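J.: sequence unknown, structure follows:
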């Protein structure tokens, strides 16, 4: 399988960041992945290997809030708000932000802003 240089660079950055970043019970990891159409976010406790909360542009609860011709950054902000609500329900208030090798820009920054507005401390 041929992988582009862009993807290889992202995976290299991801590996470098994940050496130092890890989620635990007191401060789980907020991991974000974005594709061309959708954005996915989950809060992970790496000690137990459990996903505590997750949200994406494909989940039914978020799809109801997202309008058809909405910009991707607005969608990402709504995903961040939804994820923050789920995290509050589980009892999580502080997270470590894992940008997964992507630049902290555009949709990732919007998702982080939405999570902060929802009450998460990044």
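T.: Received it, and whenever you're ready, just let me know what you need. Everything quoted here is computed from the prediction, not taken from an experiment.
J.: in stretch 25-45, which residues are buried?
T.: 28-34, 39-45 (16 or more other C-beta atoms under 10 Å). Backbone N, C-alpha and C define where each C-beta goes, glycine included.
J.: pLDDT wise, what is the residue lying closest to residue 63 once chain neighbours are set aside at?
T.: Distances taken as C-beta to C-beta, 6 or more residues apart in numbering place residue 57 nearest to residue 63, at 7.3 Å, with adjacent residues excluded. pLDDT for residue 57: 94.
J.: what's the neighbour count on residue 57?
T.: Residue 57 has 21 neighbours, counted by other C-beta atoms under 10 Å.
J.: wait, it sits on residue 77?
T.: No - the pair residue 57 / residue 77 is not scored as a contact, 11.4 Å apart, by C-beta atoms under 8 Å.
J.: against residue 33, how distant is residue 117?
T.: Computed as C-beta to C-beta, to the nearest Å, the residue 117 to residue 33 distance reads 21 Å.
J.: show me where the chain has its helices.
T.: Secondary structure of the chain by DSSP state H: the helices cover 5-18, 60-65, 72-90, 107-117.
J.: what's the mean pLDDT across the shortest one?
T.: For helix 60-65, the mean per-residue pLDDT is 89.
J.: name the helices or strands packed onto that helix?
T.: Other elements packing on helix 60-65 under the criterion 3 or more C-beta pairs under 8 Å, 6 or more residues apart in numbering; DSSP states H and E are strand 50-56, helix 72-90.
J.: cheers, nothing more for now.
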